[in-house]
Structure formats: structure tokens, C-alpha cells
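Engineer: need a structure here:
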Amino acid sequence: MLRKTISTVLMGSLMIGSAYAAEKFSDQDIVKFQNAASRGKIEVVKEYINKGIDVNVQDFSKEDTALIKAAKFCQVDIAKLLLSSGANKAIKDFDGKIASDHAKKSSFHEGCKAIEELL
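Structural biologist: As a prediction, the model looks like this:
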């Protein structure tokens, strides 16, 4: 019961953090940040992090985070940067999957072992 309560509180604070990121950054900024994560554009990702974007912000369609995008496309350096910047590897997307689930079935079909090991 305590674990469920803690989880609920953490998810509530995550949504508040995401709402703040959505207010401070436009939808277009969030898309650019997450697209940069999926394409391995580390300088763009660093720029948004330095500007204060919430690294755990979820997109509005699939509820992906930048870490989930990096896992899907096996962007190891991006995943390392996001994790060192506070990315939460336990956040679930719309389908209830976390980043490690996507790393196992990345766009490379055989998975992304390097990211699996990080997560």
C-alpha cells in the first residue's frame, strides 16, 4: 500500500513538472527536444537542458519522454546525457511501456543492448 501511495505522489509531481515544462516551453520546443533525442543531436538536447526543459516532459500523442525516444532509436550518448540530467527511467508511455521496453525492441529490431544495460 505504501509503495502505491508513493508511486501516486511521484506521478502527481511528474505531471506537475511536465505541466510546468509545457508552460515554459512551447509544444514546438518539446517536439524539437524529443526529435533531437531520437536523432542523436546531442548539442540540441544539451541546449534545451541548459535552458531548463524538464527532461521528463512527455509528448502529447504517445506520452513518450526524450529517454523513451532515445531508447527507441538506440541513441546511447543521448540516453547517458538524459540519465545524468535526471531522466526518470520508470515513466510509462501511453501503452504502459518504459524506456527499457523500447530498448529491447528498438528500431534496429535486435534491440539496443547498450541502452538496456544503462536502464
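Engineer: Look up phi and psi at residue 25.
Structural biologist: Backbone torsions of residue 25, given as degrees, to the nearest 10, read phi -120, psi 140.
Engineer: Show the contacting residues for it.
Structural biologist: By Cβ atoms under 8 Å, 6 or more residues apart in numbering, the contact set of residue 25 is 33, 48, 51, 53, 57. Yep, even glycine has a C-beta here, placed from its N, CA and C like the rest.
Engineer: And these, which two are furthest apart?
Structural biologist: 51 and 57 (12.4 Å; Cβ to Cβ).
Engineer: And those two? Which one has more around it.
Structural biologist: When residue 51 and residue 57 are compared for neighbours, residue 57 comes out ahead with 25 against 11, by other Cβ atoms under 10 Å.
Engineer: Now the more buried one, what are its backbone angles?
Structural biologist: The phi/psi pair for residue 57 (degrees, to the nearest 10) is phi -60, psi 140.
Engineer: Now do the SS call for residue 67.
Structural biologist: What DSSP: H, G, I helix; E, B strand; the rest coil gives for residue 67 is helix.
Engineer: Got the confidence number for it?
Structural biologist: We have a pLDDT of 97 for residue 67.
Engineer: Thanks a lot, see you next time.
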